[in-house]
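>>> This is a predicted model, with the sequence first.
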Amino acid sequence: MAFVGLGVTGGIGAYKAVELTRLLQKRGHRVQVAMTRTARRFVGPLTFEAITREPVITTQFASGLNTGIEHIALASGVDVLVVAPATANIIGKFAGGIADDFLSSLYLATRAPVLLAPAMNTHMWEHAAVQANVATLRRRGVRFVDPGDGYLACGWVGAGRLADPDVIAAAVERVLAGTARTLAGRRVLVTAGPTLEDLDAVRFIGNRSSGRMGMAVAAEAAARGADVVLVLGPTSVDPPAGITVIRVRSAAEMHAAVMAALPGTDAVIMAAAVADYTPAAGPSPTKIEKGGALTLHLDRTRDILADLGRTRGAKTTPVLIGFAAQTGDPVPAARRKLLEKQVDLIVANDVTEPGAGFDVETNRVTLVSREGSDALPLQAKTDVARHLLDRVEALLAASPVTAVAPQ
Ligand code: CTP
């Protein structure tokens, strides 16, 4: 049995939240409903109160109670926060960090997993603003039960219909099961983003990595209870909340940061696109003036993952995971890297495939280990992260949990 916080916002699908509440209770969960102002124009709080036998929260500051901090108390009590239906408005508020009512404050205050079931008009759902907000939230580890296709209350036909209550209830179960704190007591070190190698005061050599894949891994590891350190190269994408972030710029800085964070680490996931070459003489202190052809002398950077493999030697921990971004069939190169770098798993992808690679929310990867390769379908990077951490957990199963010093 779990304690479910259920946010109901103002969409015509609000009546389906009544059925969802009943289904969650039938599964043995306790449900606390919070309704926004507009939700109450569609369904009365009394309906939920009659089912849950708990007062429905409708305002941030009800007089008489010590409700100024009620959202904080509930935030730490719930095992999952579900919002169904989730309007474009609440999705925008969650993405933007606006906390102007009970539910939006609860979202910011909770560390519990969050599941949103959007419902809105097709054009609203497809609007770039809404999709950007959904992408932002997915990156932060928020899960979605995507709306279905069909006749909408507004008379349109298309995507935007609230998923059926039994589909949402099943998704709640998956979230509750998937976020068992299976990595509690473990320390996971993740690298993400590009590294930039400065040529002079204004120029650098870089690559197109956004850091999204590594951030999804970091968010998932944190959701499973791990103590997560993220060593992050320069990117404009915000890292997930609740983890320790160490920002670096160059491959050398990333190397130093990883080695410094290594003691006590149970698994290292090198999702960063580390530069393989850097200017041999370091960055020029003055701007390089243009003239004729320019020849750059570049040295190889130190391979962080290979150094970790060497340092680990015959031991089985830390678990070491690398990535291989290839053009064309990535598996042969991944297999070679697995052996050369002495790691446990390589996450290989072909960056030329649509929907895979840099700066997109999805990826199609093959997990290559000594035992063989496992080709996963195209899916959200957050789902790839789940698969990957399942493999990390399996690799860690043989090694005991060691105490992690509080950060
Ligand atoms: N890596 C690293 N240190 C480096 C370079 C890469 O730790 N100096 C890690 C990356 O984080 C990634 C894996 O090694 O996990 C990628 O291996 P690499 O051999 O660099 O592959 P690519 O750069 O993808 O490809 P290629 O070797 O073909 O250039």
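Okay, I see it. Numbers count the residues shown, from 1 in each chain.
>>> Just the endpoints, please. Distance across stretch 233-249?
One end of stretch 233-249 to the other measures 5 Å (C-alpha to C-alpha, to the nearest Å).
>>> Show residues contacting it.
111, 136, 139-141, 191-196, 198, 206, 209-212, 215, 218-219, 222, 227-232, 254, 256-257, 261, 272-273, 407 (C-beta atoms under 8 Å, 6 or more residues apart in numbering). C-beta here means a position set from N, CA and C on the backbone, and glycine is covered the same way.
>>> Intersect those with the contacts of the ligand.
The residues of these that also fall near the ligand, by C-beta under 6 Å from any ligand atom, are Ala272.
>>> Let's see which of the contacts of stretch 233-249 end up in helices.
Among the contacts of stretch 233-249, DSSP state H puts 136, 139, 212, 215, 218-219, 222, 254, 256-257, 261 in helices.
>>> out of those residues, what pair is the most spread apart?
Farthest apart among the ones in helices among the contacts of stretch 233-249 by C-beta to C-beta are Thr136 and Ala256. That separation is 30.8 Å.
>>> shaky segments in the stretch 101-250 of the chain?
Under the criterion pLDDT under 70, the flagged ranges of the stretch 101-250 of the chain are 150-152, 178-179.
>>> Around the ligand, pick out the residues from it.
So the stretch 101-250 of the chain never meets the ligand (C-beta under 6 Å from any ligand atom).
>>> For the stretch 101-250 of the chain, give the residue positioned nearest to the ligand.
For the stretch 101-250 of the chain, the residue closest to the ligand is Thr191, as judged by C-beta to the nearest ligand atom, at 6.1 Å.
>>> quick one: contacts for Ala333?
324, 326, 348.
>>> Just say helix, strand or coil for it.
For Ala333, the assignment made with DSSP: H, G, I helix; E, B strand; the rest coil gives helix.
>>> And it, how close does it get to the ligand?
Remark: distance between Ala333 and the ligand (C-beta to the nearest ligand atom, to the nearest Å) = 6 Å.
>>> which stretch of helix or strand covers Leu106?
Following DSSP states H and E, one finds Leu106 within helix 102-109.
>>> Against which helices or strands is that helix packed?
The contact analysis (3 or more C-beta pairs under 8 Å, 6 or more residues apart in numbering; DSSP states H and E) places helix 102-109 against strand 3-8, strand 30-35, helix 70-77, strand 80-86, helix 88-96.
>>> In JSON lines, list the ones you listed along with distance to the ligand, mean pLDDT and mean neighbour count.
Below are the helices and strands packed on helix 102-109 laid out as JSON lines (distance: least, C-beta to the nearest ligand atom, whole Å; pLDDT from 0 to 100; neighbours: other C-beta atoms under 10 Å):
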{"stretch": "strand 3-8", "distance to the ligand": "38", "mean pLDDT": "96", "mean neighbour count": "26"}
{"stretch": "strand 30-35", "distance to the ligand": "42", "mean pLDDT": "96", "mean neighbour count": "24"}
{"stretch": "helix 70-77", "distance to the ligand": "35", "mean pLDDT": "80", "mean neighbour count": "16"}
{"stretch": "strand 80-86", "distance to the ligand": "32", "mean pLDDT": "97", "mean neighbour count": "27"}
{"stretch": "helix 88-96", "distance to the ligand": "29", "mean pLDDT": "97", "mean neighbour count": "21"}
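>>> Tell me if I'm right that Ala219 and Arg138 touch.
No. Using C-beta atoms under 8 Å, Ala219 makes no contact with Arg138, being 9.5 Å away.
>>> between these two, which one's more packed in?
Counting neighbours by other C-beta atoms under 10 Å for Ala219 and for Arg138 shows that Ala219 has the greater number, 26 against 20.
>>> how about the more buried one, what does it touch?
Taking C-beta under 8 Å, 6+ apart, we find Ala219 in contact with 139-141, 240, 243, 382, 385.
>>> can you pull out the strands in the stretch 201-350 of the chain?
Counting by DSSP state E, counting those that start in this stretch, the stretch 201-350 of the chain has these strands, from start to end: 204-205, 227-232, 244-247, 267-270, 277-279, 298-300, 319-326, 345-350.
>>> how many neighbours does the closest residue to Asp266 other than its chain neighbours have?
Spatial nearest neighbour of Asp266, chain neighbours left out: Arg186 (4.4 Å); criterion: C-beta to C-beta, 6 or more residues apart in numbering. Number of residues near Arg186 (other C-beta under 10 Å) recorded here: 26.
>>> Please apply the same query to Leu106.
Neighbours of Leu106 under the rule other C-beta under 10 Å: 26.
>>> measure it to Phe144 for me?
The gap separating Leu106 from Phe144 is 18 Å, by C-beta to C-beta, to the nearest Å.
>>> ok, now Pro332?
36 Å.
>>> Name the residue most distant from the centre of this structure?
Distance from the C-alpha centroid of the chain peaks at Gly292, with 46.5 Å (C-alpha atoms, centre = their mean).
>>> if I look at it, how far off is Val157?
From Gly292 to Val157 the distance is 63 Å (C-beta to C-beta).
>>> Over to Asp238?
36 Å.
>>> And for Pro400?
56 Å.
>>> just checking, what packs against the strand or helix carrying Leu115?
Assigned by DSSP H and E, Leu115 belongs to strand 114-118. On a contact count with 3+ C-beta pairs under 8 Å, 6+ apart, strand 114-118 meets strand 80-86, helix 88-96, helix 128-139, strand 143-144, helix 165-178.
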